[in-house]
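Peer 1: Sequence and predicted structure below; questions after.
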Amino acid sequence: MKLKAHIINHMVKGDDLNHHGTLFAGKTAMWFVEAGFIAAASLTNPQSIVCLNIHGMLFMKPIHNGSIIRFEGKVVLAGNTRLVSYVKVVNNSNEDLLLDGFITFIHVDEDARRIPHGIVINATDPEDIALQEKANKLKITRNA
């Protein structure tokens, strides 16, 4: 069974551009974290997760004004208190991979203390297994 991807589409507009006329990395980061958060929040109470680490957003191609891009986020790894989302961004018109990366979220109580979530991720699809292996190798600075 393939892990469920959550999809968000965005159209790149003039206000989203940097001084080079391509999608501003800061705007991309906001949408990137949103996609990973929605994937993690789909497994638990959204008020119970916070972002701990963006492990990178590797841009493969510039994203231009007027592009319609698709953010696909899915949780690929669950630790005791952490959930790791993989997010990839593709161009809707030609399916080109534009960027990807991982984000770690932590499950917390109302006082922002880490608590176990009890979520188990069973990757069986070869692509998901490979993503889970990559996520397992991510450096976490605090025990999650």
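Peer 2: Ah, there it is.
Peer 1: Now the element after the longest helix seen in the chain, going C-ward?
Peer 2: For the chain, the longest helix by residue count, based on DSSP state H, is helix 25-41. Secondary structure here is assigned by DSSP states H and E; on that basis, the next helix or strand after helix 25-41 toward the C-terminus is strand 49-54.
Peer 1: I'd like to know which elements that following strand is packed against.
Peer 2: If contacts are counted by 3 or more CB pairs under 8 Å, 6 or more residues apart in numbering; DSSP states H and E, strand 49-54 sits against helix 25-41, strand 97-107. For glycine as for every other residue, the C-beta is placed from the backbone atoms N, C-alpha and C.
Peer 1: tell me the angle of the longest helix of the chain relative to strand 49-54?
Peer 2: Counting by axes from the mean of the first three to the mean of the last three CA atoms, to 10 degrees, helix 25-41 lies at 130 degrees to strand 49-54.
Peer 1: Can you mark which positions in helix 25-41 are buried?
Peer 2: Neighbour counts over helix 25-41 (16 or more other CB atoms under 10 Å) mark Lys27, Thr28, Trp31, Phe32, Val33, Ala35, Gly36, Phe37, Ile38, Ala39, Ala40, Ala41 as buried.
Peer 1: No more questions from me, cheers.
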